[in-house]
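A.B. asks: Requesting a structural model of the entry that follows:
(chains A, B, C and D)
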Protein chains: 4
Amino acid sequence: MSDVKVKVGILGASGYTGAELVRILAHHAAAEITLLTADRRAGRPFGEVFPHLAHLKLPTMIRIEDADWSMVDVIFCALPHGTTQEVIAGLPGHVKVVDLSADFRLFDAATYKEWYGAEHAAQDLQKEVVYGLTELHREKIKKARVVANPGCYPTPVQLSLVPLLEQKLVHADDIIIDAKSGVTGAGRSPKEGILYAEVTEGIHAYGTGGHRHAPEIEQGLAWAAGQDVVVNFSPHLMPMSRGILESIYVKMTEGTTAEDIQAALEKRYADEPFVRVLPFGTTPQTRHVRGSNYVLIGVVKDRVPGRVIIVAVEDNLVKGASGQAVQNMNVMLGLPETMGLEIEPLFP
Amino acid sequence: MSDVKVKVGILGASGYTGAELVRILAHHAAAEITLLTADRRAGRPFGEVFPHLAHLKLPTMIRIEDADWSMVDVIFCALPHGTTQEVIAGLPGHVKVVDLSADFRLFDAATYKEWYGAEHAAQDLQKEVVYGLTELHREKIKKARVVANPGCYPTPVQLSLVPLLEQKLVHADDIIIDAKSGVTGAGRSPKEGILYAEVTEGIHAYGTGGHRHAPEIEQGLAWAAGQDVVVNFSPHLMPMSRGILESIYVKMTEGTTAEDIQAALEKRYADEPFVRVLPFGTTPQTRHVRGSNYVLIGVVKDRVPGRVIIVAVEDNLVKGASGQAVQNMNVMLGLPETMGLEIEPLFP
Amino acid sequence: MSDVKVKVGILGASGYTGAELVRILAHHAAAEITLLTADRRAGRPFGEVFPHLAHLKLPTMIRIEDADWSMVDVIFCALPHGTTQEVIAGLPGHVKVVDLSADFRLFDAATYKEWYGAEHAAQDLQKEVVYGLTELHREKIKKARVVANPGCYPTPVQLSLVPLLEQKLVHADDIIIDAKSGVTGAGRSPKEGILYAEVTEGIHAYGTGGHRHAPEIEQGLAWAAGQDVVVNFSPHLMPMSRGILESIYVKMTEGTTAEDIQAALEKRYADEPFVRVLPFGTTPQTRHVRGSNYVLIGVVKDRVPGRVIIVAVEDNLVKGASGQAVQNMNVMLGLPETMGLEIEPLFP
Amino acid sequence: MSDVKVKVGILGASGYTGAELVRILAHHAAAEITLLTADRRAGRPFGEVFPHLAHLKLPTMIRIEDADWSMVDVIFCALPHGTTQEVIAGLPGHVKVVDLSADFRLFDAATYKEWYGAEHAAQDLQKEVVYGLTELHREKIKKARVVANPGCYPTPVQLSLVPLLEQKLVHADDIIIDAKSGVTGAGRSPKEGILYAEVTEGIHAYGTGGHRHAPEIEQGLAWAAGQDVVVNFSPHLMPMSRGILESIYVKMTEGTTAEDIQAALEKRYADEPFVRVLPFGTTPQTRHVRGSNYVLIGVVKDRVPGRVIIVAVEDNLVKGASGQAVQNMNVMLGLPETMGLEIEPLFP
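C.D. replies: You can find the predicted model right below:
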């Protein structure tokens, strides 16, 4: 590859996903960070906001209005949900975009409005956006200019169920997803609910029956099933900085066995560098993917006849956000897909 | 009440449930601890094993063979599973027993053998044992000599589902229980899997599809449903010393609404001191029962038509073990049921 | 005692120390809560802010301006530092006050101004205030109308060193206090620095060389030493909701041995219900006082000749705040000092 | 560099430091792992013991007796203390060794015997061993065949104090080191004291006044000071998997200021890739080095005249063990010192 590196900008660099992008891109052989924006912290060095990366040579954070778009080839957009549509719509055409917000994840305008309470502000742009679950939409991502990076919760469940729904191995109308998430999914803005003393040593459900990632999951599963899908999606918040574990309870179609489920997933992901199907009957731990771009999937027999349990884990900040974003960039630019992402999990 | 206190012995006092019994009984107005056994630690003062209670006046721990049963009116048996049957069978008849082990929880000998891999060693005694989920079996407990204290996992789910199954508000053949447990449920004996560095900052499923509490849950639900019940019971281990949260996914019978579920539970537990049904649509946190004997239950609508979500929490060492054991003792002795248990949750 | 209970008001009830006061007073045999104020949350039930106590019968929280002072005999003032002076100065004379803020802890006006950057606003009132470290100032507290409840950090170190300085067993000019604190000491108002993901799995020093509890410590030690004292006080923040551990490094005076230090502390606290000196050479854990009003002190020989190490722990919300406040109320009212405080530590 | 990679063996690969060596060496450009031993787990694949690294291609673990030493150029020895001396003495002369145990860290046989209670079993070999604190002994390490990798605690304190003692900026006879450590320092063998429920949400001192790392610290400081040194070293165990923070309290020599201390450390480490001195008056967090080979040092003024506070952090498994071991290997082999170690900290 040539010595000229891809110039990368990160919009909204002062949040956790911004820091993760910097961590990953710092050792990316074909990219260099040339732009960092952070409105509230403009003018401050990045290392003041994230001292663990203070030794890196990085541009000072500026306000988004002060950005010179000619300096960048690719933008990672890690802005808060809702502010993103106009920013991306206003970018010059030469800039490729991976959007980590939720703003372009829902492809049906009515669904967007139902869940976000406002009209989508860039409906034309939405038409050219590609949904960036890399393993499932790689061919489209190769040609995309704007990729909507999936939400943290939707990634493991789609990787687990899309192959099964495509092959009609499980029923589309009886899907229960019990998710357990770490706290960084809620961002870095101070709120009482994510204070240390409110989170440690306990667990609770939240957004039960009404979390905004539900329609995104349903959209992806509907594409696979070829029919509308409504899921039970029940997230829980637990004391863990990084990580999501999803326990997925599904009913198999007539004649399908748990072993068939295992075989279908193994076959589907045999050549994927970041998705690993564990030996039949074993289940994964979030700790074993911490800091890495891996998704681990385990399949277990259910004692209830006709049912099967799938347990999947990821690091919500890596495969669930910044890691998959870099993976998508690699695909968009024709670079080796694993470039910059060959980072081992940190355990313990 | 008279000044003569009930004499209480604790067999297996050096584990976490033993320490909890001591903590609770230390301020029980009608009971005093006169016997503590702990085989490996016999001869050592209790406060050396549990320094947080070193200021209490307590008998020195002795070996079980050295116990003088005339010293006790009531025994709490917190011995490891499997060793208990012969010990209890050998106690003199004047001694009332609350057994915290699993040895007498399964009332069908074949089921016991299936899950524990050996014949039950005290099948005659089993016939007089009463299952000690206090709120559900209070009348029988009043007359019992030996009570099998429920497992930690079976308590919240039975409290949640028994009234609904009795009234045929939910289907008995489509029950999924996704449980998240703290670490003390695994006891205090050192094992790699419960080391700090192996547990903190992560979560994993374990015993998926084959945990020994499944048959106990099924037994209790079958009693309520009047039919055999097979459940999906999927426990998870998470970084939390105390606490269990169960997310229970069930299908309602024709014509039943989530509001009916709420109403049925509210009515059932209106006068119960330790079971609280939260306002409709809200869900509980394990932190809010830590250290106390409360069970909190929340009912939430499911987006999937015909389904409902119930979330229940307890402290596994209190209502899930030692607290309910004292509650049962109170009932067996005709004492006020809440005596010694008026302990507020410790938050944060 | 008579059936007429003391009427208690809590100003600033929506913080952690407010919740602790409610937890403790809920089972106080001689007191009842008749007033709760919380400006931002006025009009809301207490159980909405602290669901773990939602089952208690409590007055609705009101704004401080709406308080009817004739309803209360005693006020616990848990308002933010700086707002308290005028509130307390404005209370009617029949109301006894235990102030949990820092506003009346420094008895020298110049020192107050140096550390808080403003003139003290109630200097006349300051003159009648008594410093409420119960074990050290009990006689004065008995006659006090207004008690300044000590800070969380100053409590264990004064209990450890005051007897030694009074008896000239240690030098007053070579005192190093390395303190490790849980997070609730920083309150419940959301700030980035106390978010779960910023606190878990790590430790850092803060306020090194300039924490506002330093002058309070120095004041108390100076009273004991009969000379000015300047200490090295270095607090650290660590992942723990409750608890403070202080490692205190001091130089003994000529001829003094570590055993003398042990003996002096044992003698001083032999009859104190809440202060326990551990066996010589052993050190305490914060876990062993969690939720209780105990302070544990351990004395250890230093390998460096002439030096000794003292390690002391408390629960910062109990003996370090609300527990000691209730202890002070008991003393002020002539009630048994331990009333309401006979709560065992919660371990694990 | 040539394509022929250095062949590396890891003895005792099934512990945490073994796993860290694998994590780091997996991406080392000039080394490949050709031998893994683990006595109790011989015959099992490494990925079964450490599932987070199961995707790596690694040799199956064997018993040490079955090792073919001709297969390796370099050995990392991560065996338990005490078993190492004979193993290393028995290795063929072509094998370079980095020993992560304590067996060769103390260069005085009498001191070794005093602290370990037995004669050193390889005193001849000891004479050729080089102490492997890379930044301080680099020139000797270049020529060494056997390097004693420093203990986790001794590393940050020596980096902090050696330059100051060499330049007589601080007194050698008044050094207090209050250390706070994560749990992995105690290894992976199950013990009650490192169970999750015994460690979470609390802190305690241990080995106060008698920890085996004290003589190693004193040895290194004595080399720098040119005189015997006795330190107060007080370690504490806290809920953190990785990380050590040391708060170091020292007295400056006449005429020295805290700013001089800062300048001396800045100058000493200006060109070091892994040691960073923070801006004057700021202190580091363990979280900011997690998973990386960095040591961060902060210098703060003490309110006590003539004293200064130094706070230093490291990841005990990286710079405190396996990272520094690889750094030493690089130096011994003439490779770039940072090779394989360019791993960013993982925060949060």
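A.B. asks: For the stretch 51-200 of chain A, what lies in contact range of chain B?
C.D. replies: Within the stretch 51-200 of chain A, the positions lying close to chain B (Cβ under 8 Å from any Cβ of the partner chain) are A:173, A:176, A:178, A:180, A:182, A:197-198, A:200. (Each C-beta comes from the backbone N, C-alpha and C, glycine too.)
A.B. asks: Can you report phi and psi for A:Ala321?
C.D. replies: phi -160, psi -90 (degrees, to the nearest 10).
A.B. asks: Which residue comes closest to it once chain neighbours are left out?
C.D. replies: A:Thr17 (4.7 Å; Cβ to Cβ, 6 or more residues apart in numbering or on different chains).
A.B. asks: distance of that neighbour from A:Arg23?
C.D. replies: 10 Å (Cβ to Cβ, to the nearest Å).
A.B. asks: can I have stretch A:99-114 written out in CSV, keeping just the CAs?
C.D. replies: C-alpha atoms of stretch A:99-114 as CSV (Å, rounded to 0.1, in the frame of the first residue of the first chain):
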residue,chain,number,x,y,z
ASP,A,99,-22.1,7.7,11.1
LEU,A,100,-22.1,6.3,14.7
SER,A,101,-25.3,8.0,15.7
ALA,A,102,-28.8,6.6,15.3
ASP,A,103,-29.8,9.2,12.8
PHE,A,104,-29.6,7.1,9.7
ARG,A,105,-30.2,3.6,11.0
LEU,A,106,-33.9,3.4,10.5
PHE,A,107,-34.7,3.3,6.8
ASP,A,108,-38.5,3.8,7.1
ALA,A,109,-39.4,7.4,7.7
ALA,A,110,-42.5,6.6,9.5
THR,A,111,-40.7,4.3,11.9
TYR,A,112,-38.1,6.9,12.5
LYS,A,113,-40.8,9.5,13.3
GLU,A,114,-42.6,7.1,15.6
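A.B. asks: lowest confidence element among the helices and strands of chain A?
C.D. replies: helix A:84-89 (a mean of 92; mean pLDDT, DSSP states H and E).
A.B. asks: List the buried residues for it?
C.D. replies: Residues of helix A:84-89 classed as buried: A:84-85, A:87-88 (neighbour count, 16 or more other Cβ atoms under 10 Å in any protein chain shown).
A.B. asks: which pair in these spans the largest distance?
C.D. replies: Greatest spatial distance in those: A:Gln85 and A:Val87, 7.3 Å, computed using Cβ to Cβ.
A.B. asks: which residues in chain A form strands?
C.D. replies: A:6-11, A:31-37, A:74-77, A:96-99, A:130-131, A:146-148, A:170-181, A:204-205, A:232-237, A:244-252, A:275-277, A:295-301, A:307-314 (DSSP state E).
A.B. asks: now the ones you listed as TSV including mean pLDDT, distance to chain D and mean neighbour count?
C.D. replies: What follows is the strands of chain A, written out as TSV (pLDDT from 0 to 100; distance: least, Cβ to the nearest Cβ, whole Å; neighbours: other Cβ atoms under 10 Å in any protein chain shown):
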stretch	mean pLDDT	distance to chain D	mean neighbour count
strand A:6-11	98	15	24
strand A:31-37	97	13	22
strand A:74-77	98	17	25
strand A:96-99	98	20	24
strand A:130-131	98	27	22
strand A:146-148	98	25	26
strand A:170-181	97	14	23
strand A:204-205	98	18	24
strand A:232-237	97	15	24
strand A:244-252	98	14	24
strand A:275-277	98	6	23
strand A:295-301	97	8	25
strand A:307-314	98	11	27
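A.B. asks: for the residues of the stretch 51-200 of chain A next to chain B, which one is nearest A:Lys191?
C.D. replies: Distances from A:Lys191 to those, taken by Cβ to Cβ, are shortest for A:Glu198, at 9.2 Å.
A.B. asks: where does the closest one land on pLDDT?
C.D. replies: In this prediction, A:Glu198 carries a pLDDT score of 98.
A.B. asks: could you list every residue that touches it?
C.D. replies: A:192, B:287, B:348, C:196 (Cβ atoms under 8 Å, 6 or more residues apart in numbering or on different chains).
A.B. asks: Quick check: nearest residue in space to the third one, chain neighbours excluded?
C.D. replies: Meaning B:Pro348. A:Ala197 (3.8 Å).
A.B. asks: My read is that A:Asp260 contacts A:Leu169, right?
C.D. replies: Yes. If you go by Cβ atoms under 8 Å, A:Asp260 and A:Leu169 touch, sitting 6.2 Å apart.
A.B. asks: Tell me how many other residues surround the residue nearest to A:Ala321.
C.D. replies: When neighbours are counted by other Cβ atoms under 10 Å in any protein chain shown, A:Thr17 registers 28.
A.B. asks: What does the pLDDT read for it?
C.D. replies: pLDDT, A:Thr17: 97.
A.B. asks: just A:Met71 next, same as before
C.D. replies: 89.
A.B. asks: what's the residue nearest to it when sequence neighbours are not counted in contact with, if anything?
C.D. replies: Closest residue to A:Met71 apart from its sequence neighbours, by Cβ to Cβ, 6+ apart: A:Thr34 at 5.1 Å. A:Thr34 makes contact with A:7-9, A:59, A:71-72 under the criterion Cβ under 8 Å, 6+ apart.
A.B. asks: Tabulate those residues in JSON lines, adding columns for distance to B:Thr208.
C.D. replies: JSON lines is the format used below for the contacts of A:Thr34 (distance: Cβ to Cβ, whole Å):
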{"residue": "A:Lys7", "distance to B:Thr208": "47"}
{"residue": "A:Val8", "distance to B:Thr208": "42"}
{"residue": "A:Gly9", "distance to B:Thr208": "44"}
{"residue": "A:Pro59", "distance to B:Thr208": "48"}
{"residue": "A:Met71", "distance to B:Thr208": "51"}
{"residue": "A:Val72", "distance to B:Thr208": "47"}
